[in-house]
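K.L.:
what's the 3D shape of this:
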Amino acid sequence: MRKDLDSWSFCVKGEDASNSLSRFLIAFEELRARLAPSKYPNIEISDEGHLWFNIDTSMGIVEVLAFPFGFKAIEAPSIAVSLPRKAEDVTDALQNRLRQISNSIEGAQLFAEKTVVAVDEILDAFKRNEHPPLIFTSDFDQVSALKAKGVFFSYLGVRFSVLQKTVSEVEHTIRDIVSMLEEK
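P.N.:
Residues are numbered from 1 along each chain as shown. Okay, here's the model as predicted:
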């Protein structure tokens, strides 16, 4: 069945919301099966409400995040490839590599968390029936400033839209991003 889903689209314009979400989830699960087959079943939901799974790489865990309806400034539907890291582990070479990768893939952008949210803030937001505060940036200088402050980057990587893209195309894009990250 894997090859049968190569041409499955993440999103079809004009499709109703329930079919659209179902389509995206089928595609995302297919990505998980292709990129992390040994982790079955391991799609998780973050505190902020997006889906994700891990890929084991030579540089450690890489997260693949899904935003079927977008998220604030992130257009829908999108995928991000993220490397959670302490600020001291974000070398200038890694930061520059992320910028180069985002510039080399059509429609891709640098992706980093701009807010630092404590567990208490997340729980307080839930008590108020609100989403936890979370703001992303694609600005290289803002990422550098956050790094200088010594923050923990829960989200740091490259994001791209999957609108009008198939499972096979998205799989290849993710593999390309991981390959470029692993280059020495």
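
K.L.:
Would you tell me which helix is longest in the chain?
P.N.:
Longest helix in the chain by number of residues (criterion: DSSP state H): helix 17-35.

K.L.:
so what does that helix touch, helix or strand wise?
P.N.:
If you count contacts as 3 or more CB pairs under 8 Å, 6 or more residues apart in numbering; DSSP states H and E, helix 17-35 packs onto strand 51-57, strand 60-67, helix 167-182. The way it works is simple: take the backbone N, C-alpha and C, and place the C-beta from them, glycine included.

K.L.:
quick one, which of these is nearest to Leu35?
P.N.:
Closest approach to Leu35 among these is made by strand 51-57 (5.2 Å; CB to CB).

K.L.:
Between helix 17-35 and the closest one, find me the angle.
P.N.:
Angle, strand 51-57 to helix 17-35, by axes from the mean of the first three to the mean of the last three CA atoms, to 10 degrees: 10 degrees.

K.L.:
What is the neighbour count of the closest residue to Ile26 other than its chain neighbours?
P.N.:
Spatially, and ignoring its direct neighbours in sequence, Ile26 is nearest to Trp8 (6.7 Å; CB to CB, 6 or more residues apart in numbering). Neighbours of Trp8 under the rule other CB atoms under 10 Å: 14.

K.L.:
Quick check: buried residues in the longest helix of the chain?
P.N.:
Buried residues in helix 17-35, counting neighbours by 16 or more other CB atoms under 10 Å, are found at Ser20, Arg23, Phe24, Ala27, Phe28, Glu29, Glu30, Leu31, Arg32, Ala33, Arg34, Leu35.

K.L.:
Wait, Thr137 touches Ser144, no?
P.N.:
No. At 10.7 Å, Thr137 does not count as touching Ser144 under the criterion of CB atoms under 8 Å.

K.L.:
neighbour-wise, which of the two wins?
P.N.:
Comparing Thr137 with Ser144 by other CB under 10 Å, the one with more neighbours is Thr137, at 19 against 14.

K.L.:
ok, what's across the strand from that one?
P.N.:
On the basis of DSSP bridges, Thr137 is bridged to Ala112.

K.L.:
mind listing what it touches?
P.N.:
When contacts are counted by CB atoms under 8 Å, 6 or more residues apart in numbering, Thr137 touches Leu110, Ala112, Glu113, Lys114, Val143.

K.L.:
Let me know the secondary structure of the first one.
P.N.:
Per DSSP: H, G, I helix; E, B strand; the rest coil, the secondary structure class of Leu110 is strand.

K.L.:
Same list (the buried residues of helix 17-35) but as CSV, adding pLDDT.
P.N.:
Compiled in CSV, the buried residues of helix 17-35 are given as follows (pLDDT from 0 to 100):
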residue, pLDDT
Ser20, 91
Arg23, 93
Phe24, 93
Ala27, 94
Phe28, 94
Glu29, 93
Glu30, 93
Leu31, 94
Arg32, 93
Ala33, 91
Arg34, 92
Leu35, 93
